[in-house]
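# Structure for the following, please:
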Amino acid sequence: PKNLPMLPGYSFTDPYKTKFHKTQLLGVKDGSQVESVKYIEEDINDDLLKSMKEGDPLKLSGVPTRKPAENEGVPKVAPQWLKFDRQVLHFEGYFQEPVHESSVENYRIRKCTFYYYLDDDTMFITEKRVENSGIPQGVFLKRHKVPKENGEPFTYLDFNIGVNITIYGKVFRLINCDDFTRHFFEQLGASLNPDEDYPSDLFQTHRVVTNMKIPPPDLGDTKEYTEVKLGGGHPNRQLQQYLENDRKVLSFEIVWEDSTYEGGNNYFKLDYFLSDSTVEVREVRKQNSGKDPFPKLLNRSKLVKEVILTHCPGMKMKKDEIYLPPDLICGQKVNIYGRKCLIYDCDSFTKQWYKVKLGIDQVPIPLKKPKPNVMYQAVPPYTGYGEEQDSLGSVHMLDPKPPKKDVKKMFQNDMHILRFDVKLVSTRPDDDERKFILNFYCGDDTIQVYEIAERNSGRVGGKFMERKKHKNPVTGNYYQEKDMLLGTLLVLNKYKFRITKADEYTEKYMEANPEIYKEANVDYILKKIRASGNSFGKIDEYAVHLMKKLDTNGDGFLSFEEFFVGLKTLKIFLTAHEEHSLVRRFDKNKDGKISMEEFYNVLVFDQQLL
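Numbering: from 1, shown residues only. This is a model prediction of the structure:
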């Protein structure tokens, strides 16, 4: 069976084969996994074995060697994809497309751009988009190798200016190229033909004629032209004035004193157009004036000095006299159809024009400043419903909006809750024994009060005051973090509480934020004590003087009560929280005494001990 070819019909099962088991190659020997090699036959190279036993291991004679590679990194001749990497030839061209059943055109010129990629001899053609053409334009031919009529792909040698090329049965003509393409062919020794222009088609000519904006004929000019041509009429005498003064405008500031009941000073801007001697008067609007917006007092027209009234149009026997530039001088009044307006100022161009043309200096006239009409609107008292900011929203605006919250402060300080022991200040003797705990929430400056009721006292403990913001009746502002100091009197819903103690977390929070609680900063307190000794030359002399005044018996220790009383006699006044901060700093052993030696060292050498 081994001699038969491996073809269909020549393979069959060996009828004499009785063992169909798989060969076992893996096994375990001496507790280790091994591979059986008795079924694997390897050719033995005698020369290799001999050289391994007798010769140098680095020069094995039995190992076949090969010649070292030459120029593997950089080939001697660069391939096309490397030599022309990212180099593209750019040509401009067009093809002519026939148009059937159109009265405007019988052919159309389609402008295209050709890109020939030198690295892989591929071509890409795109058509320039024409606005409102109605033709799908853009990518005309996707990038690939384009075959010629004989089947071979296009190469860069097939391109030249002024040459027709056939791509898939459509004839294109190349008319120009970019600078890189022309330089590329010059390096190859091939010269390109001169550039050509796009041919014009009837469609483009029709679009140019259609989009041409022809000004409509002026009936008056046509009539005057006809009259002059026939030997009558008169030429345009104002043409010279228009050509010399076109877009030149004299601008004045005027005021009209309205003497009616709801009148007052009304300010306007008068513009005099030198091109045709017309005047336009515009209102100067002011915010919250209470007047309806009326942009123009007078449309652009010639302003007559005195209006001549007639029963019917065309019955005037006298020519109207209009305002001219010599009539518009600062300090004079202008009669605008019964409203006598005072000219009090003009712009810089107007001043320069009057000085050059007429030799007149326009001097502004100062006006009396009107008294500001300040209206005081009293804020109604707080009703007690909701928050005060919500109620103020309906006072300040017609469409009230919810007050904005300080979200950044809420995220940063929402986890900080300051707890204090407070005492109710009251004239009733029973209130002296009551105990309260005040929670101040730093995230939104709200306050909550709990009462601790003793057994058999007859009072119910728990929440005494809901969490909300409270105003300081002295300042009129809401209570803040900096107001939560020991000894401070808080007025909450007509209840007076005095802060007597803070928990350890609150104490550490105050010490960690000296910019808010400067009374909890020992450095600030010592600086306050040193400030009273500015008359002394050195700080150690002042410290010795202070120790003698405080420690009269010279034993080196003082109770804190004696220490604070001594500071008051020296006119050094400390708040209750500052005294508490000094006790926390110097009473480490909780004996209620302060060491004069330690206080002296801290006062003089604070940079070493603090």
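
# helix or strand for the residue most central in space within the chain, which one?
For the chain, residue 408 is the residue whose C-alpha lies nearest the centre (Cα atoms, centre = their mean; 19.1 Å). Residue 408 is part of helix 407-413, with elements assigned from DSSP states H and E.

# cool, residue 372 as well?
Under DSSP H and E, no helix or strand contains residue 372.

# What pLDDT does the model give residue 232?
Per-residue pLDDT puts residue 232 at 69.

# Break down the stretch 151-300 of the chain into its strands, ranges please.
Ranges of strands within the stretch 151-300 of the chain are 164-167, 170-177, 249-258, 264-273, 278-283, 296-301, based on DSSP state E, counting those that start in this stretch.

# Show me what the third one is packed up against.
In this case it means strand 249-258. Applying 3 or more Cβ pairs under 8 Å, 6 or more residues apart in numbering; DSSP states H and E, one finds that strand 249-258 contacts strand 264-273, strand 339-346, helix 348-353. Using the backbone N, CA and C atoms, a C-beta is placed for each residue, glycine as well.

# and what of the shortest one?
Packed against strand 164-167 by the contact rule (3+ Cβ pairs under 8 Å, 6+ apart) you find strand 170-177.

# Which strands border the strand it packs on, and is each parallel or antiparallel?
Partner strands for strand 170-177, per DSSP bridges, with pairing direction: strand 88-98 (antiparallel), strand 164-167 (antiparallel).

# Just say helix, strand or coil for the closest residue to residue 129 other than its chain neighbours.
Distances taken as Cβ to Cβ, 6 or more residues apart in numbering put residue 137 closest to residue 129, at 4.7 Å, once the chain neighbours are dropped. What DSSP: H, G, I helix; E, B strand; the rest coil gives for residue 137 is coil.

# pretty sure residue 137 is in contact with residue 113, am I right?
No. If you go by Cβ atoms under 8 Å, residue 137 and residue 113 don't touch, sitting 11.3 Å apart.

# Quickly list what's touching both of these two.
Listed as contacting both residue 137 and residue 113 by Cβ atoms under 8 Å, 6 or more residues apart in numbering are 127-128.

# any idea which helix or strand carries the nearest residue in space to residue 486 that is not next to it in sequence?
Spatial nearest neighbour of residue 486, chain neighbours left out: residue 577 (4.3 Å); criterion: Cβ to Cβ, 6+ apart. Residue 577 is part of helix 576-586, with elements assigned from DSSP H and E.

# likewise residue 81?
Element membership for residue 81 (DSSP H and E) is helix 80-83.

# Same check on residue 124?
strand 122-127.

# on that earlier part again, closest to residue 206 out of the strands paired with strand 170-177?
Each of the strands paired with strand 170-177 was scored for nearness to residue 206 using Cβ to Cβ, and the closest is strand 88-98 (15.9 Å).

# buried ones in that closest one?
88-89, 91-95 (16 or more other Cβ atoms under 10 Å).

# Outside of the helix holding residue 408 itself, which residues are in contact with it?
Outside helix 407-413, the residues within contact range by Cβ under 8 Å, 6+ apart are 442-444.

# So which of those residues is the closest to residue 144?
Proximity to residue 144 was ranked across those by Cβ to Cβ; first place goes to residue 443, at 66.4 Å.

# The closest one: neighbouring residues, count only.
By other Cβ atoms under 10 Å, 17 other residues sit near residue 443.

# how far away is it from residue 510?
17 Å (Cβ to Cβ, to the nearest Å).

# re earlier: confidence score at the residue nearest to residue 486?
89.

# Could you verify my assumption that residue 510 touches residue 520?
Yes. Between residue 510 and residue 520 there is a contact under Cβ under 8 Å: 3.9 Å.

# can you pull the contacts of residue 489?
Going by Cβ under 8 Å, 6+ apart, residue 489 touches 425, 496-498.

# List only those of those residues flagged as buried.
Applying 16+ other Cβ under 10 Å to the contacts of residue 489, the neighbour count classes 497-498 as buried.

# Cross the contacts of residue 489 against strands and list the overlap.
Residues of these located in strands (DSSP state E): 425, 496-498.
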